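Undergrad: Can you look at this prediction? I've put the sequence above it.
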Amino acid sequence: MTRLIIVGGLVAALLIGGLGPSFAQSPAEIIEQRKDLFQVNRSAMGGMKKVFDSGGELAALVVHAQAIADSAAELPSLFPVGTESGDTKVRPTIWDNTADFEARFAKLRTDALQMLAVVESGDRSGAAMQFRTIGGNCGACHDEYRY
Ligand code: HEC
């Protein structure tokens with residue numbers, strides 16, 4: 001019986017954990033979590049750059065593009081009201097323009113997923129172009145919404 005309760009509790013915890021930031025998370029934890037995801041993005045961009053610089057297999061781009069696409073799906077939920085101050089570089093204008101802010105993550109995701117199709121086609125210069133398109137999203141959003 002105890003075991004059933006523990007298993008039930010674990011399942012509930014997993015379910016809640018899968019729905020973005022849980023209510024138990026403090027603003028500081030959410031800020032930490034989004035910064036970690038941005039660091040994942042940074043590594044993924046670096047990983048892709050390495051593939052181009054070294055003339056490596058295009059297939060090696062997939063894991064990085066997928067990581068960016070996955071994080072872009074999760075990131076919008078990591079900017080709840082209440083996380084505009086603390087150890088963060090966000091501009092508060094995010095919360096006056098949430099539709100624009102979220103659309104930028106949606107575009108990042110679309111562009112990252114498009115890389116999978118380009119890789120599939122084997123087009124190396126197309127992949128290099130797609131890499132620049134993906135990267136353009138990063139700088140543009142930082143200029144607008146990050147100090
Ligand atoms: C829709 C807006 C948006 C997009 C797109 C975006 N970023 Fe950011 N990024 C932010 C904001 C806002 C912060 C500041 C987060 C904070 O300090 O709480 C940030 C912070 C960062 C950080 C610093 C994290 C830290 O540890 O402090 C890195 C690195 C980063 N982004 C990389 C990227 C990369 C690489 C991409 C593109 C693949 C990207 N970002 C796309 C908005 C964006």
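TA: Looks like it arrived, so ask away. A quick note: this is a predicted structure, and the numbers were derived from the prediction, not measured. Numbers count the residues shown, from 1 in each chain.

Undergrad: Quick check, residue 115 in contact with residue 135.
TA: No: with contact defined as C-beta atoms under 8 Å, residue 115 does not count as touching residue 135 (11.2 Å). Bear in mind the C-beta positions are built from the backbone N, C-alpha and C, glycine included.

Undergrad: Would you mind telling me which of these two has more residues around it?
TA: In this view residue 115 and residue 135 are compared by other C-beta atoms under 10 Å, and residue 115 has more residues nearby, 24 against 16.

Undergrad: State the distance from the closest residue to the more buried one other than its chain neighbours to residue 38.
TA: Once flanking residues are discounted, residue 115 sits nearest to residue 65: 3.8 Å by C-beta to C-beta, 6 or more residues apart in numbering. Distance, residue 65 to residue 38, using C-beta to C-beta, to the nearest Å: 16 Å.

Undergrad: More neighbours: which of those two?
TA: More crowded of residue 65 and residue 38, by other C-beta under 10 Å: residue 65, with 25 against 15.

Undergrad: what about the helix ranked longest in the chain, near the ligand?
TA: In the chain, with assignment by DSSP state H, the single longest helix is helix 27-54. Yes: applying C-beta under 6 Å from any ligand atom, one finds that helix 27-54 is in contact with the ligand at 31, 34-35, 38-39, 41-42, 45.

Undergrad: burial measure for residue 120, as a count.
TA: Quick note: residue 120 (other C-beta under 10 Å) scores 11 neighbours.

Undergrad: Okay, and it sits in which element?
TA: helix 98-121 (DSSP states H and E).

Undergrad: Show me what that helix is packed up against.
TA: Judged by 3 or more C-beta pairs under 8 Å, 6 or more residues apart in numbering; DSSP states H and E, the packing partners of helix 98-121 are helix 61-74, helix 124-145.

Undergrad: what does the protein put close to the ligand?
TA: 31, 34-35, 38-39, 41-42, 45, 68, 88-90, 101, 104-105, 108, 134, 137-138, 141-142, 145-146.

Undergrad: Kindly recompute the last result at 8 Å.
TA: 31, 34-36, 38-39, 41-42, 44-45, 68, 72, 75, 79, 83, 87-91, 94, 101-102, 104-105, 107-108, 112, 134-135, 137-138, 140-142, 144-146 (C-beta under 8 Å from any ligand atom).
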